[in-house]
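> With the sequence up front, the predicted model follows.
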Amino acid sequence: MELLKRQDQSHPERKGQKRKLEEDFEDEREISAPPTGDARDALLSEVTAQVEILESNFSWREADRAAAKRAAHVLAELAKNEEVVNIIVEGGAIPSLVKHLQAPASIEGDTGPKPFEHEVEKGSAFALGLLAVKPEHQQLIVDNGALKHLVDLLKRHKNCSTSRAVNSVIRRAADAITNLAHENSSIKTRVRMEGGIPPLVELLEFTDTKVQRAAAGALRTLAFKNDENKNQIVECNALPTLILMLRSEDAAIHYEAVGVIGNLVHSSPNIKKEVLHAGALQPVIGLLGSPCSESQREAALLLGQFAATDSDCKVHIVQRGAVRPLIEMLQSPDLQLREMSAFALGRLAQDTHNQAGIAHNGGLAPLLKLLDSKNGSLQHNAAFALYGLADNEDNVSDFIKVGGVQRLQDGEFIVQATKDCVAKTLKRLEEKIHGRVLNHLLYLMRVSEKQVQRRVALALAHLCSADDQRTIFIDNNGLEFLIGLLGSTSPKQQLDGAVALCKLANKATTLSPIDAAPPSPTPQVYLGEQYVNNATLSDVTFLVEGKRFYAHRICLLASSDAFRAMFDGGYREKDARDIEIPNIRWEVFELMMRFIYTGSVDVTLDIAQDLLSAADQYLLEGLKRLCEYTIAQDISLENVSSMYELSEAFNAISLRHTCILFIMEHFDKLSARPGHSCMVQRIIPEIRNYFAKALTKANSRDIRL
């Protein structure tokens with residue numbers, strides 16, 4: 001089982017590029033609908049005019065340089081609006097801009113200052129970088145030969161003294177490489193083949209911080225999912241400088257540096273070892289406290305990558321102080337920050353030495369809260385972290401105290417992997433409810449505040465073994481907390497109590513459905529089917545609805561105390577030959593007598609209630625159970641209330657208990673029906689008696705309720 005990581009880890013990389021490209025402009029990048037009709041034609045005409053200027057002004061003459069600078073600037077300004085980029089490309093701007101990435105040939109013997117030196121190249125690189133934001137234009141720019149010139153621009157500082165103009169052209173070249181290589185594996189490789197990586201690594205130590213950042217941004221893109229590029233970046237000795245950049249007070253610097261390192265480490269165990277050996281761990285942990293949320297996010301992601309497979313590294317990350325800031329980040333308003341901190345904690349929580357520490361530092365509650373997120377990846381990362389924490393028995397009590405079991409059970413989880421993870425977490429907790437863990441929970445249930453006592457009782461109802469039910473819910477009074485929830489004014493608490501009681505019922509072997517009549521306490525003498533309503537040897541006759549029913553006293557005496565009292569007591573029927581039965585239908589009486597004579601009878605639903613009444617009147621417990629079983633098959637949301645009243649009217653204990661279980665099992669649906677709450681409150685004493693008796697005998701398989 002693994003965490004759900006961001007599907008596109010280059011998303012923040014893209015965000016960084018746009019920020020770099022626009023940083024010198026106060027105006028935000030324009031967003032508008034693409035021009036149509038005359039406006040489009042006018043724009044295309046303008047682009048064509050600027051392209052012509054670039055094509056016709058490629059020399060060191062001051063007028064040519066000024067014209068080329070203006071043309072490159074105009075195209076760059078237009079390219080800030082992504083909706084017109086296609087028109088700029090259609091107008092033929094790319095070849096002309098690529099042409100001006102290099103300086104014109106120098107006039108022999110001209111050693112004086114050059115007009116607008118580096119300015120035209122800077123404007124061209126900037127414009128091409130903006131055009132490259134559209135993926136479909138990246139290859140076109142490269143095919144026109146831009147990469148070689150851009151790589152040459154990265155080296156401009158070597159041929160002359162550094163100046164603001166030199167710094168700017170280098171930075172724009174690095175930014176253009178970043179956008180050209182973005183999510184384009186073949187261009188990333190081309191940059192390496194053109195020799196672009198060594199100068200970018202060298203620029204990490206450049207005095208101008210903006211150049212440093214631009215170089216790091218390019219390396220970050222080139223390292224993403226390209227093993228050959230990663231290896232060359234490391235071989236060029238970039239790691240020491242990148243690690244120093246992590247400690248920079250400039251947020252833009254350490255944000256790019258941690259991004260480069262993150263992409264180098266991703267899926268590269270050997271590079272990860274080198275990064276750690278070079279001393280990256282502590283400065284990365286330090287970035288968790290950065291005021292830059294992007295750096296925090298990347299640092300958390302990187303720590304999760306560090307902790308992926310190396311158990312020692314997991315421990316070192318915790319020892320060096322990462323847990324508290326990661327937990328604080330779980331409560332950030334920034335969704336990605338929460339996601340990455342949960343990711344890191346999830347990885348750390350797979351080590352037994354870290355699990356108790358994360359919980360002790362307050363990690364449980366915010367992780368549980370993240371389960372309510374509507375973001376599937378965030379939700380899963382939190383669930384995975386909780387799965388790890390549940391592995392340590394020292395965390396089980398805290399898990400339950402903060403309501404963790406209910407949160408796991410009630411959560412609405414978006415992806416199947418999260419549902420599976422939650423199920424495994426609950427199973428992991430269940431396996432730990434014994435020994436000192438159980439003793440601690442019982443202690444909490446005795447001495448804690450009421451809310452915690454209820455949470456413990458609810459959790460134990462779901463997690464405990466059947467063998468411990470009596471100890472928990474009878475000997476330690478846990479049943480009263482569940483019953484108390486049924487009496488709450490909160491519908492949610494009532495439902496929680498009902499679900500917990502239902503869970504107990506499912507675990508207890510004595511709470512199985514009624515499946516047969518119990519043996520009668522009175523020894524039975526069954527004369528057999530042939531003597532039912534048979535005058536042979538009959539010594540008593542019943543008059544039912546005007547018809548005679550022939551019976552035998554010896555059989556009736558053995559069947560129930562009611563008939564024994566009738567024939568052996570002081571009743572007038574003792575010596576009567578004919579006895580009138582005024583309140584039972586013939587069909588019902590015949591079935592009752594057939595049961596007396598044979599010990600069994602098929603009870604249909606249409607006659608079951610009348611037969612139950614007769615069986616109750618004549619104290620035929622076995623027949624009552626058969627009737628109750630048949631009636632119980634017909635219990636529904638609509639009639640459970642009347643069925644319960646029927647069980648009360650005829651003291652039908654088995655039917656009553658079946659009604660109680662039905663009410664617990666369907667509590668959520670029944671709660672919307674009028675009168676349900678009143679009914680539950682009325683029958684709480686019976687519910688208490690039922691579960692008290694059931695749980696007292698929960699380990700006895702031979703006792704039926």
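Arrived safely, thanks for sending.
> C-alpha only now, for contacts and for neighbours.
OK.
> Pretty sure residue 463 sits against residue 430.
Yes. The criterion here is Cα atoms under 8 Å, and residue 463 meets it with residue 430 at 4.6 Å.
> Identify the residue nearest residue 387 in space, chain neighbours excluded?
In this structure, residue 387 finds its nearest non-sequential neighbour in residue 425, 4.9 Å apart by Cα to Cα, 6 or more residues apart in numbering.
> how close does that neighbour sit to residue 377?
For residue 425, the distance to residue 377 equals 17 Å [Cα to Cα, to the nearest Å].
> rewinding a little: could I get the contacting residues of the residue nearest to residue 387?
By Cα atoms under 8 Å, 6 or more residues apart in numbering, the contact set of residue 425 is 386-387, 390.
> now those residues: which count as buried?
Buried by 16 or more other Cα atoms under 10 Å: 386-387, 390, out of these.
> ranges for the helices of the stretch 501-650 of the chain?
Using DSSP state H, counting those that start in this stretch, the helices of the stretch 501-650 of the chain run over 553-559, 561-568, 586-598, 605-617, 621-632, 640-649.
> Pipe those helices into a markdown table and attach distance to residue 145 and mean neighbour count per row.
Shown next, in a markdown table, are the helices of the stretch 501-650 of the chain (distance: least, Cα to Cα, whole Å; neighbours: other Cα atoms under 10 Å):
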| stretch | distance to residue 145 | mean neighbour count |
| --- | --- | --- |
| helix 553-559 | 107 | 19 |
| helix 561-568 | 109 | 16 |
| helix 586-598 | 101 | 20 |
| helix 605-617 | 89 | 19 |
| helix 621-632 | 84 | 24 |
| helix 640-649 | 82 | 17 |
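> Export those as TSV, with columns for mean pLDDT.
Shown next, in TSV, are the helices of the stretch 501-650 of the chain (pLDDT from 0 to 100):
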stretch	mean pLDDT
helix 553-559	86
helix 561-568	82
helix 586-598	94
helix 605-617	95
helix 621-632	94
helix 640-649	94
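> I'd like to know how far the residue nearest to residue 564 when sequence neighbours are not counted sits from residue 364.
Nearest non-adjacent residue to residue 564, counting by Cα to Cα, 6+ apart: residue 557, 4.7 Å away. As judged by Cα to Cα, residue 557 and residue 364 stand 68 Å apart.
> Check residue 627 too.
52 Å.
> Touching stretch 206-217 from outside, list them.
By Cα under 8 Å, 6+ apart, the surrounding residues in contact with stretch 206-217 are 13, 16-17, 20, 167-168, 170-172, 174-175, 178, 200-201, 203-205, 252-253, 256-257, 260.
> Am I right that residue 231 sits in a helix?
Yes. Assessed by DSSP: H, G, I helix; E, B strand; the rest coil, residue 231 belongs to a helix.
> Residue 142 looks like it's in a helix, true?
Yes. Checked against three-state DSSP, residue 142 lies within a helix.
> any idea how far it is from residue 304?
For residue 142, the distance to residue 304 (Cα to Cα) stands at 36 Å.
> Put the alpha carbons of stretch 158-178 into CSV.
C-alpha atoms of stretch 158-178 as CSV (Å, rounded to 0.1, in the frame of the first residue of the first chain):
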residue,chain,number,x,y,z
LYS,A,158,32.9,34.7,-19.6
ASN,A,159,33.7,37.0,-22.5
CYS,A,160,33.2,40.4,-20.8
SER,A,161,32.8,42.0,-17.4
THR,A,162,29.5,41.3,-15.7
SER,A,163,26.9,44.1,-16.0
ARG,A,164,23.2,44.4,-15.6
ALA,A,165,22.7,43.7,-19.3
VAL,A,166,24.8,40.6,-19.2
ASN,A,167,23.0,39.3,-16.1
SER,A,168,19.6,40.0,-17.8
VAL,A,169,20.5,38.1,-21.0
ILE,A,170,21.8,35.1,-19.1
ARG,A,171,18.7,35.0,-17.0
ARG,A,172,16.4,35.3,-20.0
ALA,A,173,18.3,32.5,-21.7
ALA,A,174,17.9,30.2,-18.7
ASP,A,175,14.2,31.0,-18.5
ALA,A,176,13.7,30.3,-22.2
ILE,A,177,15.4,26.9,-21.7
THR,A,178,13.1,26.2,-18.8
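> Pull out the buried positions in it.
166-178.
> Same question for stretch 543-553.
For stretch 543-553, the neighbour count (16+ other Cα under 10 Å) marks 544, 548-552 as buried.
> Pull the most distant pair out of these.
Spanning the widest gap among those are 544 and 552, at 15.9 Å by Cα to Cα.
> Just after the host helix or strand of residue 327, pick out the following helix or strand.
Residue 327 is located in helix 323-329, with elements delineated by DSSP states H and E. Of the helices and strands lying after helix 323-329 in sequence (DSSP H and E), the nearest is helix 335-348.
> Strands along the stretch 401-550 of the chain, start to end?
540-544, 547-551 (DSSP state E, counting those that start in this stretch).
> so can I have TSV of those strands showing distance to residue 631 and mean pLDDT?
What follows is the strands of the stretch 401-550 of the chain, written out as TSV (distance: least, Cα to Cα, whole Å; pLDDT from 0 to 100):
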stretch	distance to residue 631	mean pLDDT
strand 540-544	25	92
strand 547-551	27	93
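> Appreciated, that's everything.
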